[in-house]
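Q: let me see the structure of the following:
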Amino acid sequence: MSPERASPVCRTIGAAPWEAGLTEAEFLIAVEQESWVEHKSQKHFTLMHFPPKWQDGSATLKSDPGAPPDTLVELLRAELGRDIPSIFFESGSRLKGADHRLQWQGAILPDLSLLVLSRQTRDEHGRIPISIKANSAGFSGNISFKSASFSDAAEFWSVGFSSTADFRDASFSGDAIFENADFFDRADFDSTVFSYYADFRGVNLSGTAYFASATFSGTADFRRAGFSGTANFKSSGFSDRADFREASYYGRADFESTTFEGATEFRGVGFSGVASFKDVKFLDTVSFYSVAFSASANFISTKFSKNANFGSAGFSGDANFTSVNFLSDAGFDNVVFSGNALFKSAEFAGYVSYNGAAFGGTANFHNGTIQIGSFDDVRFDSAAIFELGDIGESVGFDGTRFLEVHGLVRQAWGVLLVPVVLSAVSSVFAASEVSGVWRTLLLLISAYFAFMAFVWTIIGGSLIAQGDDGLLAIQISMRKLRQIASRSLNVELESLAHATEMKYSRLRSGKTLSRMLVAKPLERVSSILYEAFADYGRSIFRPFLWLFILVGGMAAAYFFWAQSIGFQMPGDQSGVWMALEFSWSNVFRPLSALSTHNELQDHNELSAALLHGIGETPVINQTGFLVRVVASLQSVLALVLGFLAGLAIRRRFQIN
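A: Sure, this is the predicted structure:
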């Protein structure tokens with residue numbers, strides 16, 4: 001038989017025996033002698049190395065009807081019945097002395113059951129002793145090593161299991177090597193004991209994979225493993241390092257009630273199905289960095305004894321961390337929660353960081369405990385419930401945004417149309433022949449409805465999907481968070497919670513058109529202005545910025561107002577400075593415009609013209625009265641801004 005006639009079965013699930021240079025004639029010799037050693041590779045070849053068919057489809061001796069069907073069974077029974085001498089390995093699993101393991105490399109076997117074929121005496125645990133080396137072998141039928149006791153290193157490197165592979169209650173006293181193996185059907189390792197290194201790197205498990213109640217005493221290496229079906233690790237135990245980096249779980253991944261005593265790595269893992277870590281105990285460090293949870297993730301009552309890192313992970317479904325216990329540091333930096341994030345009754349004993357995280361669904365920290373941590377630059381796009389049981393004074397919320405509102409794309413145009421139309425109608429009437437008080441009144445009405453249209457444009461779209469119950473829950477949550485922060489002397493958090501509470505109170509009152517235009521309009525406008533001018537007392541910079549805007553803006557208004565009544569501006573630009581001086585005086589010398597005569601009017605021709613008219617004899621006319629009203633309002637607004645600046649300074653530096 002030439003090498004060109006290699007069977008495709010051998011290429012996919014087992015090594016071809018002619019890789020050692022065997023011919024068909026030499027195979028026949030091997031069958032007659034029941035064992036044949038190829039001189040170059042020193043490999044043992046028997047009937048079990050024959051593929052079922054050659055590449056051209058013709059039957060080999062293994063599947064030839066003329067061959068006794070019991071020949072292969074008798075051969076396997078004879079091999080499984082011989083004594084198993086002790087084999088000693090040096091570091092790195094290098095063999096010291098003769099290798100007396102079953103030499104099944106490249107073998108292609110049908111159904112095989114150790115319970116049926118082996119005549120070995122069972123050990124004290126009721127297990128069947130076996131020592132095997134089956135790299136690149138192919139098992140075309142069901143394979144059962146149930147209750148096997150693998151002495152020394154058991155090598156199944158690059159093995160293909162076409163049907164069920166049963167290793168239940170087996171024990172591996174040495175290394176268990178399954179690297180790059182293919183399990184095309186169910187793989188069952190329930191209650192299996194791995195005493196040393198368990199190597200499942202690059203393994204492909206197409207069916208359900210059972211590792212329930214398995215014991216891993218040495219390193220468990222599942223790097224780049226692929227689980228196409230359900231992966232069941234319930235109640236298993238990992239005494240040493242567990243490495244699942246870059247593994248892929250396409251079905252349900254169940255680690256419920258599992259204990260990880262050593263360092264654990266899930267970095268870069270992809271969970272396409274439900275991932276359950278309920279009641280899991282991580283006694284050493286664990287990393288879920290950059291893990292993708294495409295479905296729901298369950299960490300209910302999970303215990304993290306040392307540092308836990310979820311940085312840059314993505315939760316597409318709900319993430320349930322209810323009653324989770326972090327005894328050390330926990331990192332959720334830059335995590336994206338697309339669904340609901342439930343941290344109810346969660347306990348964070350160490351430092352917790354959510355910096356840069358984004359919560360797309362409800363973020364619920366009800367009755368949780370946070371002693372020290374950071375929520376800097378976190379974005380909450382939905383409800384954020386912080387009815388915490390306790391919070392420390394060193395929890396930061398710099399740059400945190402609660403329920404950000406969106407632009408014009410998601411607006412309720414039907415509701416927005418009403419204030420727009422009313423504003424336009426009022427403007428048309430104001431621009432017609434109407435004059436005097438009526439014209440002023442119409443302009444004020446137009447401005448009011450235009451302002452309401454602007455407010456609805458800003459908040460209407462994002463609120464259209466928010467019910468009263470949800471907004472009220474957020475408002476109550478912020479109130480309780482403010483109270484807790486006050487008791488903990490966390491001034492920054494108290495300020496943020498207070499600002500957010502007031503904001504949600506305003507959003508609730510503006511959810512519908514009737515509420516926005518009728519119910520407490522002064523309260524809503526005051527809330528909007530308070531946020532714009534001072535961020536609800538949190539910003540020192542904003543009041544001063546608005547003061548300078550007030551001075552410059554009113555100076556421009558006074559300049560053009562003076563021009564409209566016929567005041568001749570000097571050609572040297574001193575008219576601009578006159579307007580600035582008048583505006584400055586109204587801000588820093590409050591209500592000075594009410595005086596019938598003051599020092600400013602003696603040298604400032606523009607202010608004199610506005611207050612007393614143009615002419616040699618000063619009089620108080622209609623224009624002068626309106627200017628005094630406007631200037632007085634400017635002074636009052638300046639006083640308010642000064643008060644807000646002082647309030648922010650007091651809050652920032654905790655001045656009693």
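Q: and stretch 110-126, end to end?
A: 26 Å (CA to CA, to the nearest Å).
Q: wait, stretch 286-302
A: End-to-end distance for stretch 286-302: 12 Å, by CA to CA.
Q: can you check stretch 156-173 too?
A: Start-to-end, stretch 156-173 (CA to CA) is 15 Å.
Q: just stretch 244-263 next, same as before
A: This stretch, stretch 244-263, spans 11 Å end to end (CA to CA).
Q: for that stretch, buried residues please.
A: For stretch 244-263, burial by neighbour count (16 or more other CB atoms under 10 Å) applies to 244-263. (Glycine included, C-beta is placed from N, CA and C.)
Q: now, those that are in strands?
A: 248-249, 253-254, 259-260 (DSSP state E).
Q: out of the residues you listed, give me the two with the largest separation.
A: 248 and 259 (23.8 Å; CB to CB).
Q: sorry, back to before: now the ones in strands among the buried residues of stretch 244-263 in TSV, with distance to residue 370 and pLDDT?
A: Formatted as TSV, those follow (distance: CB to CB, whole Å; pLDDT from 0 to 100):
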residue	distance to residue 370	pLDDT
248	34	96
249	31	97
253	29	97
254	29	97
259	26	98
260	24	98
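Q: would you mind giving those residues as CSV with distance to residue 131 added?
A: Converted to CSV, these look like this (distance: CB to CB, whole Å):
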residue, distance to residue 131
248, 33
249, 33
253, 33
254, 33
259, 30
260, 30
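Q: distance check, residue 550 against residue 645.
A: Counting by CB to CB, to the nearest Å, the gap from residue 550 to residue 645 is 13 Å.
Q: ditto for residue 100
A: Residue 100 is 88 Å from residue 645, by CB to CB.
Q: which of those two has more residues huddled nearby?
A: residue 645 (21 against 17; other CB atoms under 10 Å).
Q: how about the more buried one, what does it touch?
A: 534, 540, 543-544, 547 (CB atoms under 8 Å, 6 or more residues apart in numbering).
Q: ChimeraX command for the buried members of those residues?
A: The ChimeraX command for the buried members of the contacts of residue 645 (criterion: 16+ other CB under 10 Å) is given here:
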select :534,540,543,547
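Q: among the contacts of residue 645, which lie within helices?
A: 534, 543-544, 547 (DSSP state H).
Q: can you tell me which of these is nearest residue 293?
A: Closest approach to residue 293 among those (CB to CB): residue 534, at 40.7 Å.
Q: I'd say that closest one and residue 649 touch.
A: No. Using CB atoms under 8 Å as the test, residue 534 is too far from residue 649 to be in contact (10.9 Å).
Q: now the lengthiest helix in the chain: buried residues?
A: Looking across the chain with DSSP H, the single longest helix is helix 622-652. Buried residues in helix 622-652, counted by 16+ other CB under 10 Å: 623-624, 627-628, 630-632, 634-635, 637-638, 640-642, 644-645, 647-648, 651.
Q: same thing with stretch 123-133?
A: Under 16+ other CB under 10 Å, the buried positions of stretch 123-133 are 127-133.
Q: next, give me the two most distant ones among those.
A: Greatest spacing in these, by CB to CB: 127 and 133 (19.0 Å).
Q: by mean pLDDT, which helix or strand of this protein comes out lowest?
A: Lowest mean confidence among the helices and strands of the chain (mean pLDDT, DSSP states H and E): helix 8-13, at a mean of 32.
Q: can you pull out the low-pLDDT segments for the stretch 501-650 of the chain?
A: Where the stretch 501-650 of the chain drops to pLDDT under 70, the residues are 504, 506-525, 527, 536, 569-573, 596-603, 614-621.
Q: try 80 this time
A: Counting by pLDDT under 80, the stretch 501-650 of the chain has low-confidence residues at 501-539, 560-576, 590-625, 647-650.
Q: go ahead and confirm residue 144 touches residue 118.
A: No. The pair residue 144 / residue 118 is not scored as a contact, 10.7 Å apart, by CB under 8 Å.
Q: residue 237: neighbouring residues, count only.
A: 17.
Q: look up how far residue 534 lies from it.
A: Taking CB to CB, one finds residue 237 at 57 Å from residue 534.
Q: endpoint to endpoint, stretch 296-313 covers what distance?
A: 13 Å.
Q: do stretch 593-605 as well
A: Per CA to CA, stretch 593-605 runs 14 Å from first to last residue.
Q: got it, and stretch 306-323?
A: 17 Å.
Q: pLDDT of that stretch, averaged?
A: Regarding stretch 306-323, the rounded mean pLDDT is 96.
Q: shared neighbours of residue 550 and residue 645, anything?
A: With CB under 8 Å, 6+ apart, residue 550 and residue 645 have no common neighbours.
Q: quote the end-to-end distance of stretch 298-316.
A: 13 Å.
Q: and for stretch 156-175?
A: Stretch 156-175: ends 11 Å apart by CA to CA.
Q: what do you get for stretch 122-138?
A: Start-to-end span of stretch 122-138 (CA to CA) is 27 Å.
Q: how about stretch 612-629?
A: Terminal residues of stretch 612-629 are spaced 14 Å apart (CA to CA).
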